[in-house]
Structures are given as C-alpha cells and as structure tokens.
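J.: Take this sequence and fold it.
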Amino acid sequence: MLQKIKHYGSVAWKIAKMSIQEDIEYPLGLLGWVVANIFQFVVGFAMIKFVIAEFGDLNGWHFGEIAFMYGLGIISHSISVLLFVQTWGMGWHIINGAFDRFMVRPMSVLFQFLFMYVNLIGVADAVPGLMIFAYGCVQVNFQWSLANLLSVLVTIFGATLIRGGIYMIFGCTCFWTNSPNQFVPLCQQMFDKTTMYPLSMYPRVLQGVFTFLLPLGFISYYPASDLLDKVGRFVFPGGAALFTLGSGVIVYLIACLLFKLGLRRYESAGN
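T.: Predicted coordinates:
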C-alpha cells in the first residue's frame, strides 16, 4: 500500500513539473492570466467596500469581518483551481473520448483525470486571497491561537473538497447527457455570492439550500461566523470547521461515486 501511494505521489509530482514547464513556455500569456485573475478579486473586494459604504453593515457584518470571510473563501478557491480545474471541461473530455487513454492505463482513472494538468493560475489566485484575509484578520483583531490556526486550516481543506466535489458532481452529469457542461458559470456565481456576502442576508429558503443541500455556507460563512464569535441561525457542536470538513468529505465521496457510475456509461468517441 505504501509503495502504491509513493508511486502515485511520484506520478503527480512529475505531472506538476510538466504543467509548470508548459505554462512558463508562454510567459506573457501566463502573466496576462495572473494579472487578470488578481484584478477580478480586487474588483470584487472594492465592490464589497462600495456596497458597505453606501448601505452600511450587511446584516450585522462590517467590512473587516466580510474581508475575513471573503479572503478565507478565495484561499480555498485558489487550491480548487490548482487541483480541480479539469472538472470544468469534463463534458468536452467525455464527448471527445479523452477518457480512452486513461482507461487503458494501470492507474486510477479519476487520479489520472484530476492530475492530468496542475493549474498554476491557482497559485496566483492565492495571492489576493491571502492579502484580503490578512487585512480582515487585522481589522477584526483575529487571535492566532493554536485552536484558531487548526480551525482555519481544517476549513480551507474542507472547503476545497466542497468546491472540487461540486464541480465534479455537475461535470459527471455529462456522462448521462453526452453534452458539454454548462453548469460551470452557475457554480462559480454561487460560490462567489455565498463567500462575498453573509449567507444570513439571503432568504431563509436559500440559507437552508446552501446549508443542507449544497453546503456552500460551510466554505467560509459558517467558519468565519464561528471564528469571529458571531451569533447565527445554526449552532455547530465542536465548531463549524469540523462541519466544513465533514461536508467536504461527504460531497467529495458523492462526486467520486457519481464518477465511478458515470464511467460505466462512458462511450468512446468512436462508438
């Protein structure tokens, strides 16, 4: 078992190095993507500032608290882009028979698919995320105790699984529809709107949907509420970070199951 893990890790590392070499082959193009991605988060941050300046606190959340929540969400976004960006084009891979080469190799098809490319843009996305999060930490006087540090790390890990799992779940529908995945923009909008603004400002029905059906509230809203000692609609015994981790594991396992079921329906482009 240990030898197998070591082998998979070695393969993932080699793919990562090849991805880096591929990206830096066109440095100006890479730089353009990096600047554009950073700019979009700066604009989003400025938009939040404008909204609060015009209308005041959002349901009891001031600008520093929202910056804390938003930055925390961007960090998990950056890691999900690094590791799960392939799921955005899953429909294209299915329609064009790209899974053929994965299925004839003596390795996990899902592993090969997820690690076929490591997206460096995710690293660039982490820069504004860390800056906004650091700004929020200063504004709310966040105390970096060991417990809080562990909560932040667990939240980021669980939130990354939630994001990647949801992208994969929607992508897996292409195994049954045999059409390109049109849900990526919708997913991105949902992720943005539930991490930029407090979930409590939305109608109760949507709060329930984004808590129990699509647990997007656990990406940053509930963990931030817990870390900042804000009273919310729900109480999470043991801390919201553990619920984020649990939600992430459940969502990701469901995604893996759907992927496995979808492969049974997969037809090569030549059929």
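J.: what's the following helix or strand after the longest helix that the chain contains?
T.: In the chain, assigned by DSSP state H, the helix with the most residues is helix 27-55. With elements assigned by DSSP states H and E, the helix or strand that comes after helix 27-55 is helix 63-84.
J.: So for that following helix, what gets flagged as buried?
T.: 63-84 (16 or more other CB atoms under 10 Å). The way it works is simple: take the backbone N, C-alpha and C, and place the C-beta from them, glycine included.
J.: cool, and stretch 169-177?
T.: I169, F170, G171, C172, T173, C174, F175.
J.: Let's check: the centremost residue of the chain is which one?
T.: Centroid-nearest residue in the chain: R163, 3.5 Å away (criterion: CA atoms, centre = their mean).
J.: Next one: the nearest residue to that residue once chain neighbours are set aside from L149, what distance?
T.: Using CB to CB, 6 or more residues apart in numbering and skipping the chain neighbours, the partner closest in space to R163 is S80 (3.9 Å). Per CB to CB, to the nearest Å, S80 is found 21 Å from L149.
J.: what stretches of the chain score poorly on pLDDT?
T.: Residue ranges of the chain with pLDDT under 70: 181, 269-271.
J.: Try it again at 80.
T.: 1-2, 15-16, 19-20, 22-30, 33-34, 118, 120-121, 179-182, 231-234, 268-271 (pLDDT under 80).
J.: ranges for the strands of it?
T.: For the chain, strands defined by DSSP state E do not occur.
J.: Surely the residue nearest to the centre of the chain and S78 touch.
T.: No: taking CB atoms under 8 Å as the definition, R163 is not a contact partner of S78, at 10.2 Å.
J.: could you measure Y167 against A240, distance?
T.: From Y167 to A240 the distance is 22 Å (CB to CB).
J.: ok, now D57?
T.: For D57, the distance to A240 - CB to CB - is 21 Å.
J.: who's more crowded, the two?
T.: A240 (27 against 12; other CB atoms under 10 Å).
J.: Can you tell me how far that one is from G164?
T.: 19 Å.
J.: and the nearest residue to S179 once chain neighbours are set aside, how many neighbours?
T.: Among residues not flanking S179 along the chain, G91 sits closest, at 6.2 Å (CB to CB, 6+ apart). Neighbour count for G91, taken as other CB under 10 Å: 23.
J.: so G91 touches F183, yeah?
T.: No: look at G91 against F183 with CB under 8 Å: they stay out of range, at 9.2 Å.
J.: what residues are shared contacts of those two?
T.: Jointly contacting G91 and F183 under the rule CB atoms under 8 Å, 6 or more residues apart in numbering are G171.
J.: now the helices for the chain?
T.: Assigned by DSSP H, the chain shows helices spanning 2-23, 27-55, 63-84, 90-95, 100-103, 109-114, 121-139, 146-172, 174-177, 184-196, 204-208, 221-227, 240-265.
J.: Could you check how far the spatially closest residue to S268 that is not a sequence neighbour is from M196?
T.: Nearest in space to S268, with sequence neighbours left out and distances taken as CB to CB, 6+ apart, is G97 at 4.6 Å. According to CB to CB, G97 and M196 sit 38 Å apart.
J.: again, but for G91
T.: In terms of CB to CB, G91 sits 27 Å off from M196.
J.: picking up where we left off before, so if I had to pick from G97 and M196, which one is more boxed in?
T.: Neighbours per residue (other CB under 10 Å) separate G97 from M196, with M196 holding more: 19 against 14.
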